[in-house]
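Undergrad: got a predicted model here, sequence first, then my questions.
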Amino acid sequence: MNDQEAQKKKSIVNRFGFNIDLNTSAEPNYNVHVFYYPWYGNPEHDGKFLHWNHAIIEHWNKQEALKWPKGMHSPPDNVGANYYPLLGAYSSKDPEVVDIHMQMLRYAGIGVVVVSWYPSGDADNEGLEPDSLVPLLLDAAQKYSLKVALHVEPFKERDDITMREQLKYIISKYGSHPAFYRTSHKNKVNLPLIYIYDSYLIGADKWKNIFTEGGSLSVRGTEFDAIFIGLLVENKHLNHVIASGFDGVYTYFATNGFTYGSTWTNWLQVKKWAESHGLLFIPSVGPGYIDTEIRPWNAMNTRKRLGGKYYSESVQNALAVHPDIISITSFNEWHEGTQIEPAIRKSFLSRSYEDYEPQGPMFYLNATRNWVDTFRRAS
């Protein structure tokens, strides 16, 4: 490291009071993926707060909605989350923040950053354009020997035609970057792996046009082919995945019992089903779930962290079915309280944030590092 690089590293430490000795970092495990959200903004970098000021979402029942508060959160002290980040109300396009995130991921041994992605112009109205941040994330990931995959969100007018156009765009623009994640499964060798959120919203008749060899818009065997992973929510989606031509399923939600796919006791059955059809099963583990700062009426779906016990049980249930890949929900989905990114103790006026005490801000990165090592040795 030259003097200039050393000084930059020092400035990061001074700014955030945080640093990781990379000499103690684990080797990245490319079979461990984590969902990552690049939608946060602040006035310094973006002219205003984005996502940290998340609106309180009204209940769909008008009578029930009357019982709950309305309005927006007011950062930087009052953010739309039940936990408060160690790095504060940061911007996802701050290069120093992105660099520290990659340090954290490398320290924990996570190999693949799965970035929430919309096409340019189709991102949600409250956040940054994720496509514009992919080059920054790819370069930062490469610096720490990490890889980047994309998590394609339900963009406007998503169907077989528009999806094929976006696949061409993604692979043409990013496919040659050394940090763009590629893997192999069965006879599919060295291909990108792409997660498709809420894939069941599009009929199998549309997906099979792209994902089957005889489809009218097929990418199979072309330069735009990939390993496509659909979301498993309900049991009936298993048939949808087969008919669509997907290469595997993931469960995403960090809420045991919330959906068929996210229920730990179903994972062995799903793994056997996937194996029988030559598909990947990627269970999603998480530290807990709480979103009552943006959905105050949704306490029934809270999954308490229990000092790390919930995360441990989630991971043990995933390891028990011997998957090829495990995904983590999430690195920084702060609104839903699934983050493993470091959080700190903080109080603001009448509210106090949840925290990771008594174990400290690094607890979930350390816990992840421990089980990633177990998964590495078991693979």
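TA: Looks like it came in fine. Residues are numbered from 1 along each chain as shown.

Undergrad: give the residue spans of the protein that score low on pLDDT.
TA: Residue ranges of the chain with pLDDT under 70: 1-15, 17-18, 22, 123-125, 379.

Undergrad: can I get stretch 203-216 in PDB, CA atoms only?
TA: Taking Å, rounded to 0.1, in the frame of the first residue of the first chain, the C-alpha atoms of stretch 203-216 are listed here in PDB:
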ATOM      1  CA  GLY A 203     -47.100 -16.700 -15.900                       C
ATOM      2  CA  ALA A 204     -45.000 -19.700 -16.800                       C
ATOM      3  CA  ASP A 205     -46.100 -19.400 -20.400                       C
ATOM      4  CA  LYS A 206     -44.100 -16.100 -20.600                       C
ATOM      5  CA  TRP A 207     -41.000 -17.300 -18.700                       C
ATOM      6  CA  LYS A 208     -40.700 -20.400 -20.800                       C
ATOM      7  CA  ASN A 209     -40.300 -18.300 -23.900                       C
ATOM      8  CA  ILE A 210     -37.000 -17.100 -22.500                       C
ATOM      9  CA  PHE A 211     -35.900 -20.000 -20.300                       C
ATOM     10  CA  THR A 212     -36.600 -23.100 -22.400                       C
ATOM     11  CA  GLU A 213     -34.600 -24.200 -25.400                       C
ATOM     12  CA  GLY A 214     -37.600 -24.200 -27.700                       C
ATOM     13  CA  GLY A 215     -38.900 -20.800 -26.500                       C
ATOM     14  CA  SER A 216     -39.600 -18.100 -29.000                       C
END
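
Undergrad: list the buried residues for it?
TA: 204, 206-212, 215 (16 or more other CB atoms under 10 Å). Every residue, glycine included, has its C-beta placed from N, CA and C.

Undergrad: of the residues you listed, which belong to strands?
TA: Among these, DSSP state E puts none in strands.

Undergrad: hmm, Thr255 and Trp264 touching each other?
TA: No: contact between Trp264 and Thr255 fails when scored by CB atoms under 8 Å: they sit 10.5 Å apart.

Undergrad: look at the two and report which has more neighbours.
TA: Thr255 (21 against 18; other CB atoms under 10 Å).

Undergrad: the closest residue to that one other than its chain neighbours pairs with what?
TA: Closest residue in space to Thr255, ignoring its immediate chain neighbours: Tyr289 at 4.6 Å, by CB to CB, 6 or more residues apart in numbering. In this structure, Tyr289 bridges to Arg303 when assessed by DSSP bridges.

Undergrad: residue contacts, Tyr289?
TA: 253-255, 258, 301-303, 336-338 (CB atoms under 8 Å, 6 or more residues apart in numbering).

Undergrad: could you do Glu293 as well?
TA: Per CB under 8 Å, 6+ apart, neighbours of Glu293: 54, 56, 73, 79-82, 335.

Undergrad: any figure for the gap between Val269 and Gly261?
TA: One correction, residue 269 is Gln, not Val. 11 Å (CB to CB, to the nearest Å).

Undergrad: the two: who's more crowded?
TA: Neighbour count, other CB under 10 Å: between Gln269 and Gly261, Gly261 has more, with 23 against 14.

Undergrad: quick check: the more buried one touching His237?
TA: Yes: Gly261 is within contact range of His237, at 7.5 Å (criterion: CB under 8 Å).

Undergrad: quickly list what's touching both of those two.
TA: What both Gly261 and His237 touch, as defined by CB under 8 Å, 6+ apart, is the set 231, 249.

Undergrad: still on that earlier bit, closest to Ser352 out of the contacts of Tyr289?
TA: Here the nearest of the contacts of Tyr289 to Ser352, counting by CB to CB, is Gly337; it sits at 14.5 Å.
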